[in-house]
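[1] Sequence first, then the predicted structure, then my questions.
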Amino acid sequence: MRRSGRSLRLCAVFLLLCSVQDRAAAIELQPSSAPSLSLDQALTQLTSDDETVRETALRTVIEQGDAALIPRLDEIRANADRSVRQAIKPVMDLLKHRANLENPDQDVRRSAATDLGLARRGVAIPWLERAAGKETHKWVRYTMEESAALLRLAADDQATKLEAIDKLAALSSQNAVPSLKELADAGRAASATGRQQELSQAAAAAIERIETWAAWSNAIETIFRGISLSSILLIMSVGLAVVFGLMGVINMAHGELMMVGAYGTFLTQEFFKAFLSPGLFDHYFLLAMPVAFLLAASCGLLLEATVIRFLYGRPLETMLATWGVSLILMQAARVYFGDLTAVVAPAWLNGGQQMMVGVFLPNNRLFVIALSAICVAIIYAVLFRSALGLRVRAVTQNRNMSACLGIPTRKVDAYTFAFGSGLAGVAGWALTLIGNVEPGLGQNYIVDSFMVVVTGGVGKLAGTIVASLGIGGLNKLLEPGLGAVYGKVCILVLVILFLQWRPSGLFAVKGRHADS
Amino acid sequence: MKKKQTDTTPTEMSADGDSSRRDFLVRGARVTAGVGVAALLGNLGHWALSYAADKEPIKVGVLHSLSGTMAISEVSLRDVVLMAVDEINAKGGVLGRQMKPVVVDPASNWDLFAEKAKQLLLQDKVAVVFGCWTSVSRKSVLPVFEKNNGLLFYPVQYEGEECSRNVFYTGAAVNQQAVPAVDYLMSKEGGGYKKFYLLGTDYVYPRTTYKILRAMLLAKHVPESNIMEEYTPFHHQDYQTIVGKIKKFAAGGGAAVISTINGDSNVPFYKEFANQGLRAEDAPIMAFSVAEDELRGMDTTTLVGHLAAWNYYQSVDAPQNRQFVANFKAYCKKNGLPDGDRRVTDDPIEAAYFGVHVWKQAVEKAGTVEVDPVRKAVYGQKFLAPGGEIMMDIGNHHTHKPVLIGEIMKDGQFKVVSRSKGLVKPEPWSEYTNPEKGCDWINHQGTYQKK
């Protein structure tokens, strides 16, 4: 008896849906007194001139059909007139989504569940609930439950609606906010009935709960974005910092060395595409890293040998000369590669991790964060744990004394520069995940890198790390409120003010290069 | 001659009147012959000279950035203009004269655009210039063209609110791209979207376009709270925050993103969009400056299902378009241009292409390359462009074009999902922001106030 009461209620829900939703929706849930049809009969009647016949046919298709019908429906649709086409399309989508709820790929299942929720057709509620019962993946199940609750929200029955509101609040569903707002507003109108007011209060409470959660998840996402941007800034500027800090060379071509790294990645990809089996394609990206490093490092070595070594101790001339080199490199890339080339991220770097409701961390960002941490660790190891590092530090502190002790200072200069350049190449490699590969790539980042290095204090790696964290974090804190343009302007102004206060940056080096 | 005459004189002197009359006749004949020959020679010379002048090639300017940020888009336009010139020359040129392109590189530098335009008009004395992409470059050359009465064919869609006598706009006005695109999104077949996130690069085209779209949306009773407007700097690479905002905005469905992001920022934007788990089904991106040429370099797997609005796509199914696409690929391959026959065509490329042909037709109608007669001859010109027949407006210097909404496919091409009925009349001044203004060079000589 209770069960039949419930199905009656459901029926009523559907009836309401019919009246509220557009006509295509209406067809699915008419009183079941309509004559039942066989599937074949229904298909032939889809193009009937009589609207009621057509709608009964569509209902039958939804109730009895499955995804296997889609090609046939498509065929019917192609030959039908406009109004029939428009009625058939959503039915096809429903069938497709319903089939996709059982797809082995979790992303497909989740997409289907989301789409069913947005399609606002009550007929999908039992499908979603059944699928949710069987679902093993946490976030797919979440989406299914959310979609089912969203559909129930449109029910006519007060208790079902309240239940749905509760459920959505418990799920912290962002998707429910617009519908909940409507309910809340409806209850505030002067003409609102008691039932509407009750709903309105429940909806308002739910919105509050969801918004509180959203505020928290937003904060977490903002922190993550800050860290992510910081790690990009760090990976870009760390090579510059090594060269700038240890050698006192302002390398304006640093950005173009990043570009070289990015093109190295692109070339590796093309090589894999051309010569190796497609199955290996996903591995190209890892192999591209040493390629990018070596390519940029050898470019750096060449640059040092042909330009920079004649200009040590003359920072302004170095700046000009390297700037000229950067223009040459840029135009050379443009001539050789054309203007835009794409690097396809490997499958394992696509998509992301859902941490909690409203917090979604893209894989490529996580990867860059990890990479920048590794890079910093490697640089520390090279500078403080290796023979080269020891010599670099010695030459930095006192070139003449080091030379007297038998350190080949020329070679050390060259290797340091090559190492810094190689780091730029690695940055270029990582940036292919975020942006595009084009001749102007370096120019897009070079200003930011300089900002970080100068703010951090010349010659201190720690300064670079702290400055990139600070600038990245601050940027992401300011951006939501100010917008990207003014956010950036604000950061620049703050950096200028900061440099007024501490001209030599966060971590000033006492003596030597900083003031020489 | 003189000597001979002196020799004969004594006899003549002794001769009677007959002989003297004969002498007169002979002299007269000689003089006549001399004059005749001289005249003939003179005529010949004149004819030879004028023949040479007639056959002197007509110089035409090509003003596109071949280096700097805009090279990414503009190089293809230079290529297609040169191809069109080649085509015309191969068929005997214009008025029996060959066209000789003068290519300059303003290097994406707005000041340099004005300088190069001046050089083309005053030094090279070109008959017409094909060029510019960004609105700022067009605005910076405008005074040069207006002061020196030059002629510019501008091939890119733009924000309107301009009415220059010296420019022909073969790209779309806002009512031929942005407005119908939003109309489509709001329509039932377009998905009935109710919330719009307007996202653009921070410069004049997006700002003016969004001013018009906002007015349009408000006029269509979209509440203010359902419209978001946001701008990013040129070359912006970090779209995390914005995509996060879009995600929140799009929660619950019914939201679409309208994008006028320019150039290289598109890649990070679309990448971030996909990586944060947003799909075209959640919120489609309708772009006004992403075409096949930009997609050529992108990883299109993340873009499938997103939309764009243009007046032409490479995929337009017409015989003249298939020929055009094949010709362009062959031209790029033959001339060793980057990517060779992997090159694609797109809307601005088509607009640049038919601009050259429209100019040629106008010159032939006018019978001269003088700017003013040619300008008038352009009015009402029709041309079977690759995307279908277009028509130059009778007086506002813009082009009647079809409007096509396309969906991005896996291979970087567009599938047309909606097509305007016939050609859409261009309106340089939008009915939503400037309903009282019009542009007409026949009756009103420029911008005028409608009654």
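    Sure, I can see it.

[2] The one helix or strand residue A:75 maps to close to chain B?
    According to DSSP states H and E, residue A:75 maps onto helix A:70-79. No: shown here: helix A:70-79 not in contact with chain B (CB under 8 Å from any CB of the partner chain), separated by at least 12.9 Å. Heads up, the C-betas are built off the backbone N, CA and C, glycines and all.

[3] for that helix, packing partners?
    Under the contact definition 3 or more CB pairs under 8 Å, 6 or more residues apart in numbering or on different chains; DSSP states H and E, helix A:70-79 sits against helix A:39-45, helix A:82-100.

[4] Can you add distance to chain B and mean pLDDT and give the ones you listed back as a markdown table?
    Rendered in a markdown table, the data for the helices and strands packed on helix A:70-79 read as follows (distance: least, CB to the nearest CB, whole Å; pLDDT from 0 to 100):
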| stretch | distance to chain B | mean pLDDT |
| --- | --- | --- |
| helix A:39-45 | 23 | 78 |
| helix A:82-100 | 7 | 82 |
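
[5] Quickly compare those and say which is most buried.
    With neighbours taken as mean count of other CB atoms under 10 Å in any protein chain shown, the helices and strands packed on helix A:70-79 reach their highest mean count in helix A:82-100, at a mean of 18.

[6] Pull out the buried positions in the helix or strand that comes right after it.
    Where DSSP H and E defines the elements, the next helix or strand beyond helix A:82-100 is helix A:106-119. Within helix A:106-119, the residues that count as buried by 16 or more other CB atoms under 10 Å in any protein chain shown are A:108, A:109, A:110, A:111, A:112, A:113, A:114, A:115, A:116, A:117, A:118, A:119.

[7] show me which of those neighbour chain B.
    Okay, of the buried residues of helix A:106-119 touching chain B (CB under 8 Å from any CB), that's A:111, A:114, A:115, A:118.

[8] hang on, the earlier thing: and which of the buried residues of helix A:106-119 is nearest chain B?
    Using CB to the nearest CB, residue A:118 comes nearest to chain B of these, at 4.1 Å.

[9] residues in contact with the helix holding residue A:75?
    Helix A:70-79 has contacts (CB atoms under 8 Å, 6 or more residues apart in numbering or on different chains) with A:43, A:46, A:47, A:61, A:84, A:85, A:88, A:89, A:91, A:92, A:95, A:96.

[10] Could you work out the most separated pair of those?
    Between any two of these, the greatest separation by CB to CB is 20.5 Å, found for A:47 and A:96.

[11] Quick check, pLDDT for the nearest residue to residue B:70 once chain neighbours are set aside.
    In this structure, residue B:70 finds its nearest non-sequential neighbour in residue B:108, 4.3 Å apart by CB to CB, 6 or more residues apart in numbering or on different chains. Note for residue B:108: predicted pLDDT of 87.

[12] Now for residue B:108: which residues touch it?
    Residue B:108 neighbours (CB under 8 Å, 6+ apart): B:65, B:67, B:68, B:69, B:70, B:71.

[13] and what of residue B:104?
    Residues in contact with residue B:104 (CB under 8 Å, 6+ apart) are B:61, B:62, B:63, B:116, B:119, B:120.

[14] Verify the stated contact: the last one with residue B:102.
    Yes: the pair residue B:120 and residue B:102 qualifies as a contact (CB atoms under 8 Å) at a distance of 6.2 Å.

[15] what sits in contact with each of the two?
    Jointly contacting residue B:120 and residue B:102 under the rule CB under 8 Å, 6+ apart are B:61, B:126.

[16] Please identify which of the two sits among more neighbours.
    Comparing residue B:120 with residue B:102 by neighbour count (other CB atoms under 10 Å in any protein chain shown), the higher total belongs to residue B:120, at 28 against 17.

[17] per-residue pLDDT, that one?
    96.

[18] For residue 241, give me the pLDDT.
    Reading this off chain A. pLDDT at residue A:241 comes out at 87.

[19] Let me rephrase: I mean chain B.
    91.

[20] Contact partners for it?
    A:222, A:225, A:476, A:479, A:480, A:484.
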